[in-house]
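Student: build me a model:
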Amino acid sequence: VNGALYQRLNGYKPFLYNITVDACKFFKNQKSNPIASYFYDAFKGYSNLNHSCPYNHDLVLDKLTAESLNHHFTKILPFPQAEYMVHMNWIAYNINRAVFKIYFALT
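Tutor: Purely as a prediction, here's the structure:
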């Protein structure tokens, strides 16, 4: 998984993080990458993405609230109030399987 955080400033500009993580290794030891762990902690309670590989079923993210994300990104590790985009590429067997662009604002 490659994930990058962008902040909106006259267009979306890179902001703080652009990391690539071997998801299978990460789920075996979530403390191995503190940045990936911070972002995963924001939604892990709302997802079935909670075990090591292989993943041979649908991945679900359900009922993640704005309040939960707002708390995570303003109280645990405060980010400045702004508009953001998380851009993720999920790659398996050297093939880009999914691209996510998640837009949100901290106010």
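
Student: where along the chain do the helices fall?
Tutor: Here the chain has its helices, by DSSP state H, at 23-28, 34-41, 66-71.

Student: would you turn these into CSV with distance to residue 56 and mean neighbour count?
Tutor: For every residue, glycine as well, the C-beta is placed using N, CA and C. Shown next, in CSV, are the helices of the chain (distance: least, Cβ to Cβ, whole Å; neighbours: other Cβ atoms under 10 Å):
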stretch, distance to residue 56, mean neighbour count
helix 23-28, 13, 15
helix 34-41, 20, 15
helix 66-71, 28, 12
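
Student: closest to residue 52 out of those?
Tutor: helix 23-28 (4.6 Å; Cβ to Cβ).

Student: CA atoms only for the closest one, dumped as CSV, please.
Tutor: Coordinates of the C-alpha atoms in helix 23-28 are reproduced here as CSV (Å, rounded to 0.1, in the frame of the first residue of the first chain):
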residue,chain,number,x,y,z
ALA,A,23,0.4,-4.5,4.3
CYS,A,24,0.9,-8.2,5.0
LYS,A,25,4.0,-7.5,7.1
PHE,A,26,2.3,-4.5,8.8
PHE,A,27,-0.7,-6.6,9.9
LYS,A,28,1.7,-9.2,11.5
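
Student: could you say what helices and strands that helix packs with?
Tutor: Other helices and strands packing on helix 23-28, by 3 or more Cβ pairs under 8 Å, 6 or more residues apart in numbering; DSSP states H and E, are helix 34-41.

Student: re earlier: go through the helices of the chain and find the least confident stretch.
Tutor: Here the lowest mean pLDDT among the helices of the chain goes to helix 66-71, at a mean of 86.
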